[in-house]
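Colleague: turn this into a model:
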Amino acid sequence: RAEGSHCRALQEQVALAEAGIQMQDARLSSLGCQVQASEARLLDAEALREFWQGAAEAADAISSELREQSTCIVCQDSERDTVLHPCLHYGFCSTCAGSV
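Modeller: This next block holds a predicted model:
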């Protein structure tokens, strides 16, 4: 009888150990899913950063081009504000238009 109760106690310990292993496996699986989700969020954040960086560069290029298109073609400093007649050229500031 002592052997039987000892055997049962060992079986219970093995069952508890197996249950503990199953719980640890489930926890590791859950952590693996959390890591995958974090990696996906990191990739999304990187893609957004690249998108906004590209958008900022495009905005800078457009701003630069608009500045060039609105700057006097003679002095390259003042804003275009004068239309020549009768040709209707619009590339000069009022100061430079007087010398054309």
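Colleague: where does D77 fall, phi/psi-wise?
Modeller: For D77, the backbone dihedrals are phi -130, psi -50 (criterion: degrees, to the nearest 10).
Colleague: in this protein, which segments are predicted with low confidence?
Modeller: For the chain, residues meeting the criterion pLDDT under 70 lie at 1-2.
Colleague: for it, what spans make up the helices?
Modeller: 2-70, 94-97 (DSSP state H).
Colleague: buried stuff in the shortest one?
Modeller: Neighbour counts using 16 or more other Cβ atoms under 10 Å place C96, A97 of helix 94-97 among the buried residues. C-beta coordinates here come from the backbone N, C-alpha and C atoms, glycine included.
Colleague: ok now that helix, how far from the chain's centre?
Modeller: 46 Å (Cα atoms, centre = their mean, to the nearest Å).
Colleague: cool, and stretch 76-93?
Modeller: The answer for stretch 76-93 is 42 Å, by Cα atoms, centre = their mean.
Colleague: ok, and what's touching it?
Modeller: Defining contact as Cβ atoms under 8 Å, 6 or more residues apart in numbering, one finds that stretch 76-93 is touched by S70, T71, C72, I73, V74, C75, S94, T95, C96, A97, V100.
Colleague: what about C93, how many residues close to it?
Modeller: Neighbourhood size, C93 [other Cβ atoms under 10 Å]: 19.
Colleague: if we can go back for a sec, most packed of the helices of the chain?
Modeller: helix 94-97 (a mean of 16; mean count of other Cβ atoms under 10 Å).
Colleague: circling back: dump the helices of the chain into CSV; add distance to L88 as well.
Modeller: CSV is the format used below for the helices of the chain (distance: least, Cβ to Cβ, whole Å):
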stretch, distance to L88
helix 2-70, 16
helix 94-97, 12
